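> Sharing a sequence plus its predicted fold:
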Amino acid sequence: DIDHMVPLAEAWRSGASTWTTAKRQQFANDLTRPQLIAVTDNVNQAKGDLDPGKWLPPRTAYRCTYARSWVEVKQYWGLSMDAGEKTALVGILNGC
């Protein structure tokens, strides 16, 4: 499967709801940042539209990369983070 690092529904809740259709399409098809990644079907289904406060990759060795990529995408696109999401990311990144 191809997964959106920051799921489209999560982006919508984090600020994309105010974007134009064109900007949302750019976000959904962003090949420049680590927004589109290949994953297994079961991982993609388990993640759904959850943020790192509610779901993390089962492979712990990948979590630092995941957290950095999540922050990069959110920062570039100007998307907000809720408290649980931020706490989870800080915890991961402090251990990297």
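It's in.
> residues contacting the residue lying closest to Ala83 once chain neighbours are set aside?
Once flanking residues are discounted, Ala83 sits nearest to Gly53: 7.9 Å by C-beta to C-beta, 6 or more residues apart in numbering. In short, each C-beta sits where N, CA and C put it, glycine included. Neighbour list for Gly53: 82-88 [criterion: C-beta atoms under 8 Å, 6 or more residues apart in numbering].
> From the residues you listed, keep the buried residues only.
85, 88 (16 or more other C-beta atoms under 10 Å).
> If you count residues, where's the longest helix of this structure?
If you go by DSSP state H, the chain has its longest helix at helix 63-77.
> Quick check: buried residues in that helix?
For helix 63-77, using 16+ other C-beta under 10 Å, the buried residues are 63, 66-67, 69-71, 73-74, 77.
> which one of those sits closest to Cys96?
Ala67 (7.4 Å; C-beta to C-beta).
> Could you tell me the end-to-end distance of stretch 17-33?
One end of stretch 17-33 to the other measures 20 Å (C-alpha to C-alpha, to the nearest Å).
> again, but for stretch 57-70
End residues of stretch 57-70 are separated by 12 Å (C-alpha to C-alpha).
> on that earlier part again, could I get the contacts of Gly53 as CSV with distance to Gly15?
Converted to CSV, these look like this (distance: C-beta to C-beta, whole Å):
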residue, distance to Gly15
Asp82, 12
Ala83, 16
Gly84, 17
Glu85, 13
Lys86, 15
Thr87, 19
Ala88, 19
